[in-house]
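Asker: Starting from these lines, generate the structure:
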Amino acid sequence: MSTILIKSAQIVNEGKITTSDVYISNGRIEMIAAEINHPADREINAEGLHLLPGLIDDQVHFREPGLTHKADIWHESRAAVAGGTTSFMEMPNTVPNTLTQSLLQDKYDIASQNALANYSFFMGAANDNLEEVLKTNPRDVCGVKVFMGSSTGNMLVDNERALEQIFANSPTLVATHCEDEATIQENLAIYKEKYGEAGLTIDMHPLIRSAEACYISSSKAVELAKKNNTRLHILHISTAKEIGLFRNDIPLAEKLITAEACIHHMWFSDVDYKTKGNFIKWNPAVKTADDRDTIVKAVLDGHIDVIATDHAPHTFAEKTQAYSAAPSGGPLVQHALQALLDMYHEGKITLEQIVQKSAHNTAICFQIEERGFIREGYWADLVLVDLNKPYTVTKSNILSKCGWSPFEDHTFKSSIEHTIVSGQLAYSKGSLIEYGSGRRLLFNR
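Answerer: Coordinates of the predicted model:
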């Protein structure tokens, strides 16, 4: 382990911005002080830069194993680190689906060799694997994922008894994808009858996978959680209507039911389908500008607790098919922080709120051990950003294996200068440093 001294950084942490030096040793933050003069293996002059806790992304799809023509842990963790995300939690709809403890361990084994960022993997739930779900260790597994709506990988849990058993007995946090399948299929049938399969277009996506479908499923999840005292975390809220399901009148650490917003639902709206097409086709769908703006407001007022990406790459060829054939999902992890920093420049969110929702709150929500804050004794997961250095997204600087981005040709106002993962410099001024510094996340449960 090398030592690193960061000099004169504007530290954004726990609701404040202060100027300090930071000394890192043995992977951890050893000292934070106005002036530190310890010798170090590497010194970073951070004058004019802001130092943030590395982002913790609680929802990514890195596609390994089984779908590695789209993405893999090696490529996507590097995209994450280049974007200032130092820890990720990955979803179970790989091939085979992560429905046994043995298959879950296989993913940890891959990450231990290939992940440049810190990692955890969700255990997958199905209609018939409760016994395996119950074996999940809450100490070193981030949660159990339940698809209460079909999406990529078709892991739909639609057996009422199975849902009840999972919510009643899960040994750890239950994270849900909430879209009501019956409503979606009814909507799809209506549009097919009217336009034919070939006549379906991307602008119909938020009408087929409608706001009502989201609300029916989310409210059902909340009802099940309240009935069973479940620790529930609802992923990628996409509608204004769902906001009323969540509280903002108690501290996050006391909440049993929490919610996540994703970058695409905070940035795009249905008017963007005209120019972006299938490249912003997600499940749940990007919806109206009112939905988008209400989600941003809910992030700021505490109804929504964390910001994530739902990074879910598909190949360019897959996404350029007709609407009906094109899969849902896209790469976001490399540009999430820059998108949030653009929103900061636009006056929509403060730097302190970005840090709270993308690092602090994720750590609190999942009870992550010694990460998510800039504190002495904590693991050094840090990102240095230049708020005034423009960065244009081009095919040549996209690191996700799929090679495209919905932000292509956009010029962000800020740049990621350095990223430190578990005390190791993993990214610096456009270059990745291959230390294999990612570590398995642990949880205080």
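Asker: Now the longest helix along the chain: buried residues?
Answerer: Looking across the chain with DSSP state H, the single longest helix is helix 211-228. Buried residues in helix 211-228, counting neighbours by 16 or more other C-beta atoms under 10 Å, are found at 211, 213-222, 224-225, 228. In short, each C-beta sits where N, CA and C put it, glycine included.
Asker: Measure how buried the nearest residue to A125 once chain neighbours are set aside is and give me the count.
Answerer: Using C-beta to C-beta, 6 or more residues apart in numbering and skipping residues adjacent in sequence, the residue nearest A125 is V146, 4.6 Å away. Applying other C-beta atoms under 10 Å, we find 29 residues neighbouring V146.
Asker: Surely V146 touches A175?
Answerer: Yes. Taking C-beta atoms under 8 Å as the definition, V146 is a contact partner of A175 at 7.1 Å.
Asker: And the strands in the stretch 251-400 of the chain, which stretches?
Answerer: 257-262, 306-308, 382-386, 391-392 (DSSP state E, counting those that start in this stretch).
Asker: so can I have a markdown table of those strands showing distance to T19, mean pLDDT and mean neighbour count?
Answerer: A markdown table is the format used below for the strands of the stretch 251-400 of the chain (distance: least, C-beta to C-beta, whole Å; pLDDT from 0 to 100; neighbours: other C-beta atoms under 10 Å):
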| stretch | distance to T19 | mean pLDDT | mean neighbour count |
| --- | --- | --- | --- |
| strand 257-262 | 31 | 98 | 23 |
| strand 306-308 | 26 | 98 | 28 |
| strand 382-386 | 13 | 98 | 24 |
| strand 391-392 | 24 | 98 | 14 |
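Asker: out of those strands, nearest to Q185?
Answerer: With respect to Q185, and counting by C-beta to C-beta, the nearest of these is strand 257-262 at 24.0 Å.
Asker: Please save the CA atoms from that closest one in PDB.
Answerer: Extracted in PDB, the C-alpha atoms of strand 257-262 (Å, rounded to 0.1, in the frame of the first residue of the first chain):
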ATOM      1  CA  ILE A 257     -38.700   1.800   3.500                       C
ATOM      2  CA  THR A 258     -36.300   3.800   1.300                       C
ATOM      3  CA  ALA A 259     -36.200   4.900  -2.400                       C
ATOM      4  CA  GLU A 260     -33.700   5.500  -5.100                       C
ATOM      5  CA  ALA A 261     -33.600   7.900  -8.100                       C
ATOM      6  CA  CYS A 262     -31.500   7.300 -11.200                       C
END
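Asker: So which elements touch that strand?
Answerer: strand 55-60, helix 211-228, strand 232-234, helix 289-301, strand 306-308 (3 or more C-beta pairs under 8 Å, 6 or more residues apart in numbering; DSSP states H and E).
Asker: Which among the ones you listed is found nearest to K401?
Answerer: Closest among the helices and strands packed on strand 257-262, using C-beta to C-beta: strand 55-60, at 13.0 Å.
Asker: So what touches that closest one?
Answerer: Residues outside strand 55-60 that contact it (C-beta atoms under 8 Å, 6 or more residues apart in numbering) are 76, 80, 83-91, 142, 175, 233, 235-236, 260, 262, 306, 308-312, 333, 336-337, 358-359, 362-363, 365-366, 368, 371-372, 381, 383.
Asker: So which residues of the protein form helices?
Answerer: Under DSSP H, the chain gives helices at 73-82, 101-114, 130-133, 160-169, 181-195, 205-208, 211-228, 263-267, 273-276, 289-301, 316-319, 336-345, 351-355, 361-366.
Asker: and K401, which of those is closest to it?
Answerer: helix 73-82 (4.0 Å).
Asker: average pLDDT for that closest one?
Answerer: Averaged across helix 73-82, pLDDT comes to 98.
Asker: which outside residues touch that helix?
Answerer: With C-beta under 8 Å, 6+ apart, helix 73-82 has contacts from 57, 60, 62-64, 86, 88, 90, 110-111, 114-117, 119, 311, 313, 331, 333-334, 398-401, 416, 419, 421, 426-427, 432, 438.
Asker: show me what contacts P92?
Answerer: Per C-beta under 8 Å, 6+ apart, neighbours of P92: T98, L99, L104, F121, F122, M123, G124, K145, M155.
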